[in-house]
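J.: I would like to see how this sequence folds:
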Amino acid sequence: MNRPISRRYAALCGLAAAVMLSACGEGQKPPAPPPPVVTVANPVTRTVTDFDEYVGRFTAVNSVEIRARVSGYLEKVHFTDGQMIKEGDLLFSVDPRPFQNTLDQARANLAQTRAQLAYAEGDLQRGQQLVRDKTITEQTFEQRLQAKRTAEAAVAANDALVRQAELDLQFTELRAPVAGRIGDRRVSPGNLVTGGSSGSTTLLATIVSYDPIWFEFTFDESSFLRYERNAKRGTDSASRSTGVTVGLRLIDERDFAHRGRMDFVDNVIDRATGTIRGRAVFRNLDGLFTPGMFGRVQVPASAPYEALLVSDSVIGTEQVRKFVYIVGTDDMVSQKYVTLGQLSDDLRVIKDGLLATDRVVVNGLMRVRPGIKVNPQMHGAAPAASSPPSGAAPK
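T.: Modelled structure (predicted):
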């Protein structure tokens, strides 16, 4: 009888112990998770210059319309459409034969009047002795003097006709007044071209210079005032003093790799737009820049100064305000609102709101929020070695 009772008692005791152990386990809380690990870094200190960017267009320094200066039949074209030419290259030839005939006739007339002048001069010299001897009258002598003056005038007039005929003959060869690229020919050989100084002269081609080349753009009145004040303080800027170095990039380029200089700022502000025209000059040795091409110019807007910079990816947005996450000395995260400047080599200039000693969260931004504690790791530092757990053998 005692043996079954003792077995039943032992089972009841075991059940009671299991219930007590289960109740104790339900009362324990799970351990808190460790603070999230984030990477922090101090702002970069660098000397920077503020820049303004404007859209503009290239224009040729020299643009010339080649027009006929004498009328005649176009004899030959001496260039290929669109080729680069040098100053003085022969471009067009007008039939020179009529002009050569006119020149020959003018030279003959000049020789005739010179002969008449020589005869009048000799006649006048003989008359001087005759008038002293009272052989001829004073009136006859004056007539000989007048004949000599008339002959001199005729020589001068025919000499001018010879020079004009020489010019007309020279104008039958149209040469490039400037170096650059010529467009397509507007008239084919065999056509009659009209010359002269009237507005009906025949346009044969156009030439635009390529090196150097101008880049024209406009900027607003407030920027103009800022540039002028910076120039008076000795700061490089796009003022009327010009000479400041500017950068330029084309529409398919990312960096402002081309360097030029300001050489002109207009003398009036456009009342309709409130802008003023500026111009920079660039070398164009390889002919990459073409008149009419668009580009963006970068103009210095301040003197060089020391600035704090952070990666553009760590900057957050809260409506219209910008902020970064900062880790304090107590490893607590907080927000700092900042004023942004321009980009400089993928880093953003911070105008205001940040200190050089601030630890900015640069990695792990999705794991932080203001008011939580984190485990900050300095960017570029080796991670701290963790100690092995108790009872585990080190590797």
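J.: What residue, apart from its backbone neighbours, is nearest Ala205 spatially?
T.: Using CB to CB, 6 or more residues apart in numbering and skipping the chain neighbours, the partner closest in space to Ala205 is Ile66 (4.6 Å). C-beta: built from backbone N, CA, C; applies to glycine.
J.: how about the host helix or strand of that neighbour: buried residues?
T.: Element membership for Ile66 (DSSP states H and E) is strand 63-67. For strand 63-67, a neighbour-count test (16 or more other CB atoms under 10 Å) marks 64, 66-67 as buried.
J.: quick one: contacts of that strand?
T.: For strand 63-67, the external contacting residues (CB atoms under 8 Å, 6 or more residues apart in numbering) are 91-92, 174, 176-178, 182, 195, 201-209, 291.
J.: Do me a favour and get the end-to-end distance for stretch 355-363?
T.: Criterion CA to CA, to the nearest Å; first-to-last residue distance in stretch 355-363 is 19 Å.
J.: If we go by neighbour counts, what in that stretch is buried?
T.: Applying 16+ other CB under 10 Å to stretch 355-363 flags 358-363 as buried.
J.: just to revisit the earlier point, what about the residue nearest to Ala205, distance to Glu87?
T.: 13 Å (CB to CB, to the nearest Å).
J.: Ok, Ala32 next?
T.: Taking CB to CB, one finds Ala32 at 84 Å from Glu87.
J.: This protein: helices as residue ranges?
T.: 2-26, 97-132, 138-170, 221-232 (DSSP state H).
J.: Report all helices and strands that the last one contacts.
T.: The criterion is 3 or more CB pairs under 8 Å, 6 or more residues apart in numbering; DSSP states H and E, and the helices and strands that helix 221-232 contacts are strand 275-282.
J.: So, low pLDDT: which residues of the stretch 51-200 of the chain?
T.: 131, 133 (pLDDT under 70).
J.: if you set the cut-off to 90 instead, what comes out?
T.: Counting by pLDDT under 90, the stretch 51-200 of the chain has low-confidence residues at 51, 116-151, 195-200.
J.: Find residues that contact each of Ile66 and Glu87.
T.: Joint contacts of Ile66 and Glu87 (CB under 8 Å, 6+ apart) are Ala176.
J.: follow-up on the earlier one: can you add distance to Gln83 and give the buried residues of strand 63-67 back as CSV?
T.: Output for the buried residues of strand 63-67, formatted as CSV (distance: CB to CB, whole Å):
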residue, distance to Gln83
Val64, 15
Ile66, 14
Arg67, 20
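J.: show me what contacts Leu74?
T.: Counting by CB under 8 Å, 6+ apart, the residues that Leu74 touches are 92-95, 187-193, 204.
J.: err, Glu152, not the other one
T.: Glu152 sits next to Leu117 when contact means CB under 8 Å, 6+ apart.
J.: Repeat that for Phe92.
T.: With the criterion set at CB under 8 Å, 6+ apart, Phe92 makes contact with 66, 68, 74, 76-78, 173-174, 204-205.
J.: Name the nearest residue to it, sequence neighbours excluded.
T.: Leu174 (4.2 Å).
J.: Counting neighbours, what do you get for the one you found?
T.: Here the number of neighbours of Leu174 (other CB atoms under 10 Å) works out to 23.
J.: What of Phe289?
T.: Phe289: 23 neighbours (other CB under 10 Å).
J.: same thing with Phe224?
T.: By other CB under 10 Å, the residues close to Phe224 number 22.
J.: That one against Ile276, yeah?
T.: Yes. Using CB atoms under 8 Å, Phe224 makes contact with Ile276 at a distance of 5.2 Å.
J.: what do those two both touch?
T.: Here Phe224 and Ile276 have 265, 269 as joint contacts, going by CB under 8 Å, 6+ apart.
J.: on that earlier part again, in strands, which of the buried residues of stretch 355-363 appear?
T.: 360-363 (DSSP state E).
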